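> mind folding the following:
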Amino acid sequence: MLVPEVFPNVPLIAVSRNPVFPRFIKIIEVKNKGLMDLLRRKVRLAQPYAGVFLKKDDANETDVVESLDAIYNTGTFVQIHEMQDLGDKLRMIVMGHRSQPNVSRRKPKRKERKEPEADLMVEALPLPSSDILMVEVDNVVHQQFEVSEEVKALTAEIVKTIRDIIALNPLYRESVLQMMQAGQRVVDNPIYLSDMGAALTGAESHELQDVLEETNIPKRLYKALSLLKKEYELSKLQQRLGREVEEKIKLTHRKYLLQEQLKIIKKELGLEKEDKDAIEEKFRERLKERTVPQHIMDVINEELNKLGLLDNHSSEFNVTRNYLDWLTSMPWGTNSEENLELKRAKEVLEEDHYGMDDVKKRILEFIAVSQLRGSTQGKILCFYGPPGVGKTSIARSIARALNREYFRFSVGGMTDVAEIKGHRRTYVGAMPGKIIQCLKKTKTENPLVLIDEVDKIGRGYQGDPSSALLELLDPEQNFNFLDHYLDVPVDLSKVLFICTANVTDTIPEPLRDRMEMINVSGYVAQEKLAIAEKYLVPQLRTQCGLTEDTTNISPEALNLLIRQYCRESGVRNLQKQVEKVFRKVAFRIVSGEETAVQVTPDNLQDYVGKPIFTVDRMYDVTPPGVVMGLAWTAMGGTTLFIETSLRRPRDTGGKDKDGPRDGSLEVTGQLGDVMKESSKIACTFARTFLMKQQPDNDFFSGAHLHLHVPEGATPKDGPSAGCTIVTALLSLATNTPVQENVAMTGEVSLTGKILPVGGIKEKTIAAKRAGVTCMILPAENKKDFSDLPEFITEGLEVHFVDHYSKMYPIVFPQQ
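Modelled structure (predicted):
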């Protein structure tokens, strides 16, 4: 059906909020009875046309107006495509045809009509006098325009914005497809394009009407573009809010699903709720495969009955539950299967550590006894020696050799007894001691427990932890060990306790008496070299990402590193120095300076710097009054020079106003009380001995002597330098140097007896390192010296003496 170009008189349909744009389809509902009758007649007369105008008041819901001032001046000429008569209202689908079909309008006369074919129809209508049903309309004539650059730019921007809106919300695509007629390019028609752009938006009614009324095409395009930009920003905001809401809903829904699944899983596992029955069932389930002693089981049953009477939210309920949790977590009757094969144990010990024969022999003896008895038994061993010799690491190897679980805790600086014996359950946050925690963690009754730094236990107002260890480390008591928290006897007789210490002097005597002491002495240069080649170098080279093809340290370089940089008894510092070498090698390789590195004595300083120890001894040749002694420290053995000198000229007179002038002895060098007493004893004996050997020598009569032990910043104590001090005083008195390359150690009594001392191995190592060829030791230390390996004693002339009179001709052969 062709739409007439001119149709001046049409029914007036007043709409709210959204005007009808040309080429747009809109559904309109009419409820006014007079307008409904008029539209029905128009459709029957094949004149399905009307004028749709926007009301100025959006709140006005009526279909007709009483005054033309109630509507905007410009509307749209529409064709009624479909009409549904619903009785009390008409539902019509209309389509706009003319861009703006009304510029001016007037209220038509009821008896005089411009349309002759409609006169009869209109005259027959029962029209109320107040309602305007028909209007006279004209077509809108748009201003002439040229397709300028501005129009092209506005057109392109509108098209781009529409595409952006469609990309944000695909629902706009259907609206655009409905607006565009088949075969027509809306882009080529700026009027239609602006109408389509405005119609896509949800702008205010007056903004849409403004676009509809505009006849200047560039301005019309600009107004439509402004509305589209607002719609685009609104769509972006809507999309962002929608995405956030969707994510929030998804997260909430996911949490809900997971919670529901968790409820089902807990229900299937019997953990739906932590009620008393579930707790009791859980505790009894733990004890099914364990052999719990009857007296322990009685306590557990009593606590379970108590738990059933308590309220779930009471503090006592949580205390009882935690107590039962610890009781049922203990490995009652559970033991790990031990390795009792000597060959396998020996292989493991040799694989991890070099030397340490005393320790390895003792462990193999333990295995042999266990094999003969058919069962294992707990022991308490104590490894003592200087730092870095492998005391802690050998314990881990012993656990691997015996196939026992390993647990370590340090008591160095510990001041609280509760760390060992546990807290009383009445305290907030109470928990058992370390040994009970050990049994729970290892899940076995026969672990290997390493108690580290037992010589450094502290003491505070919370008690004395060393005294608490007495019960733990006593084989006669620890089968019935009582922890304060558990408050039930626990059998520790199957536990192998190994303690470590640097010195034994600070270990309390009762505690030391309960342990089997095994000395882990320091290493000599040959042993350090073997350890470095066999263990340290391969291990550290791998840790630094190097290979044997790219990096190697020659034995000569290692030997120089040991002699001039790492003289301590252990190998911890040697490990640091070797790692330092490999780190610098890795840097050079990665930076491209070198591809492969061979570390030799010539280039060793490039990696570790200047040597720390350049001389092995303070005096190459000792002058009169200076003698080399031997000392033992926590770091190992060392040489100790005793220097004596005449402080001021001797007094030749026999008496002064205060009495006889017997002289004096001043000592320096930060000496301890024992060493000061030893120097006084040595001075007294030296006087007596010199009077017997050289009665004519009255050097000590009225002599004011000064005795100094170098390295004054280092505290020194002990009686083992007694014979050295006597020799130094006699050397000064006779003005005779002692024999070259001789060193000595031994306590001297007031009558000249040479008493035994400790640290023979370390002192022998220090003497050999200093180039000593002759050593003088107490006779009672012969058994200690005979136990030393041959490579340590090789090249040494050793004399064992029990009295200083036998030492004198050795150090002063010319006398």
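> and the nearest residue to Ser67 once chain neighbours are set aside, what are its bridge partners?
Nearest non-adjacent residue to Ser67, counting by C-beta to C-beta, 6 or more residues apart in numbering: Ile132, 7.6 Å away. C-beta: built from backbone N, CA, C; applies to glycine. Beta-bridge partners recorded for Ile132 (DSSP bridges): Val65.
> give me every residue that touches Ile132.
The contact partners of Ile132, taken as C-beta atoms under 8 Å, 6 or more residues apart in numbering, are Leu12, Val64, Val65, Glu66, Ser67, Leu68, Lys107.
> let's see 7 Å
Leu12, Val64, Val65, Glu66, Leu68, Lys107 (C-beta atoms under 7 Å, 6 or more residues apart in numbering).
> could you measure from Ile394 over to Glu527?
Distance of Ile394 to Glu527, computed by C-beta to C-beta, to the nearest Å: 14 Å.
> if you could redo that for Gln239, that was the one I meant.
When Gln239 is compared with Glu527 (using C-beta to C-beta), they lie 76 Å apart.
> show me the shaky parts of the stretch 51-200 of the chain.
The model of the stretch 51-200 of the chain has pLDDT under 70 over residues 98-131, 170-172, 174-188.
> how about 80 then?
58-61, 63, 66-69, 87, 97-152, 155, 158, 161-162, 164-200 (pLDDT under 80).
> least trustworthy helix or strand in this protein by mean pLDDT?
The least trusted helix or strand in the chain, going by mean pLDDT, DSSP states H and E, turns out to be helix 116-124, with a mean of 28.
> by contact count, what packs against the host helix or strand of Lys576?
Using DSSP states H and E, Lys576 maps to helix 572-590. Packing contacts for helix 572-590, counted by 3 or more C-beta pairs under 7 Å, 6 or more residues apart in numbering; DSSP states H and E, involve helix 537-543, strand 551-553, strand 597-599, helix 605-608.
> at 8 Å what do you get?
Other elements packing on helix 572-590 under the criterion 3 or more C-beta pairs under 8 Å, 6 or more residues apart in numbering; DSSP states H and E are helix 537-543, strand 551-553, helix 555-564, strand 597-599, helix 605-608.
> of the ones you listed, which stretch is the most buried?
Ranked by mean neighbour count, the helices and strands packed on helix 572-590 are led by strand 551-553 with a mean of 21 (mean count of other C-beta atoms under 10 Å).
> quick one: mean pLDDT for that strand?
Strand 551-553 shows a mean pLDDT of 91.
> then stretch 37-45?
Mean predicted confidence for stretch 37-45 is 85.
> picking up where we left off before, just the buried subset of the contacts of Ile132, written out for PyMOL, thanks.
Buried residues among the contacts of Ile132 (16 or more other C-beta atoms under 10 Å), as a PyMOL selection:
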select buried, resi 12+64+65
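> report pLDDT for Cys774.
The predicted local confidence for Cys774 is 94.
> against which helices or strands is the lengthiest strand in the chain packed?
Looking across the chain with DSSP state E, the single longest strand is strand 636-648. Using 3+ C-beta pairs under 8 Å, 6+ apart, the elements in contact with strand 636-648 are strand 626-633, strand 704-708, helix 722-734, helix 760-769.
> would JSON lines of these with distance to Val147, mean neighbour count and mean pLDDT be doable?
Formatted as JSON lines, those follow (distance: least, C-beta to C-beta, whole Å; neighbours: other C-beta atoms under 10 Å; pLDDT from 0 to 100):
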{"stretch": "strand 626-633", "distance to Val147": "103", "mean neighbour count": "24", "mean pLDDT": "90"}
{"stretch": "strand 704-708", "distance to Val147": "112", "mean neighbour count": "19", "mean pLDDT": "93"}
{"stretch": "helix 722-734", "distance to Val147": "117", "mean neighbour count": "27", "mean pLDDT": "94"}
{"stretch": "helix 760-769", "distance to Val147": "104", "mean neighbour count": "25", "mean pLDDT": "86"}
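> Asp277 is nearest to which of the ones you listed?
strand 626-633 (64.5 Å; C-beta to C-beta).
> what is the closest one packed up against?
strand 636-648, helix 722-734, strand 742-744, helix 760-769.
> burial count for the nearest residue to Ala198 once chain neighbours are set aside?
Setting aside the residues directly before and after it, Ala198 is nearest to Val211 in space (C-beta to C-beta, 6+ apart), at 4.2 Å. Neighbour count for Val211, taken as other C-beta atoms under 10 Å: 24.
> does Val211 sit in a helix, a strand or a coil?
Following DSSP: H, G, I helix; E, B strand; the rest coil, Val211 is assigned to helix.
> coming back round to it: can I get the helices and strands packed on strand 636-648 in TSV with distance to Gly545?
As requested, those are arranged in TSV below (distance: least, C-beta to C-beta, whole Å):
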stretch	distance to Gly545
strand 626-633	37
strand 704-708	51
helix 722-734	50
helix 760-769	35
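> looking at the ones you listed, which is nearest to Asn169?
strand 626-633 (84.8 Å).
> export only the CA atoms of the longest strand of the chain, formatted as PDB.
This file holds the C-alpha atoms of strand 636-648, laid out as PDB (Å, rounded to 0.1, in the frame of the first residue of the first chain):
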ATOM      1  CA  GLY A 636      91.400 -27.100  69.400                       C
ATOM      2  CA  GLY A 637      95.100 -27.200  70.300                       C
ATOM      3  CA  THR A 638      97.600 -24.300  70.000                       C
ATOM      4  CA  THR A 639     101.100 -23.400  71.000                       C
ATOM      5  CA  LEU A 640     101.500 -21.100  74.000                       C
ATOM      6  CA  PHE A 641     104.700 -19.200  74.700                       C
ATOM      7  CA  ILE A 642     105.700 -18.200  78.200                       C
ATOM      8  CA  GLU A 643     107.800 -15.100  78.400                       C
ATOM      9  CA  THR A 644     109.700 -14.100  81.500                       C
ATOM     10  CA  SER A 645     111.800 -11.100  82.200                       C
ATOM     11  CA  LEU A 646     113.500  -9.200  85.000                       C
ATOM     12  CA  ARG A 647     111.200  -6.400  85.900                       C
ATOM     13  CA  ARG A 648     113.900  -4.300  87.700                       C
END
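> count of neighbours near Leu35?
Neighbour tally, Leu35, other C-beta under 10 Å: 23.
> Provide a list of residues in contact with it.
Pro11, Ile13, Asp63, Val64, Asp131, Leu133.
> check which helix or strand it maps to.
Going by DSSP H and E, Leu35 is in helix 33-44.
> which element follows that helix toward the C-terminus?
strand 49-54.
> same for that following strand, what does it pack against?
Using 3+ C-beta pairs under 8 Å, 6+ apart: strand 49-54 touches strand 9-15, helix 33-44, strand 76-85, strand 90-96, helix 205-213.
> tilt between the last one and strand 76-85?
Yep, that's helix 205-213 we're talking about. 120 degrees (axes from the mean of the first three to the mean of the last three C-alpha atoms, to 10 degrees).
> what comes up buried for helix 205-213?
Ser205, Glu207, Leu208, Gln209, Asp210, Val211, Leu212, Glu213.
> what about the second one, distance to Asn18?
This means Glu207. 11 Å.
> kindly report the same for the fourth one.
Computed as C-beta to C-beta, the Gln209 to Asn18 distance reads 10 Å.
> equivalent analysis for the third one, please.
Distance, Leu208 to Asn18, using C-beta to C-beta: 7 Å.
> quick check: Met297 is in a helix.
Yes: looking at Met297 with three-state DSSP, it is inside a helix.
> pop out the phi and psi values for the nearest residue to it once chain neighbours are set aside.
Counting by C-beta to C-beta, 6+ apart, Met297 lies nearest to Leu287, which is 7.8 Å off, once chain neighbours are set aside. Main-chain torsions, Leu287, degrees, to the nearest 10: phi -90, psi 0.
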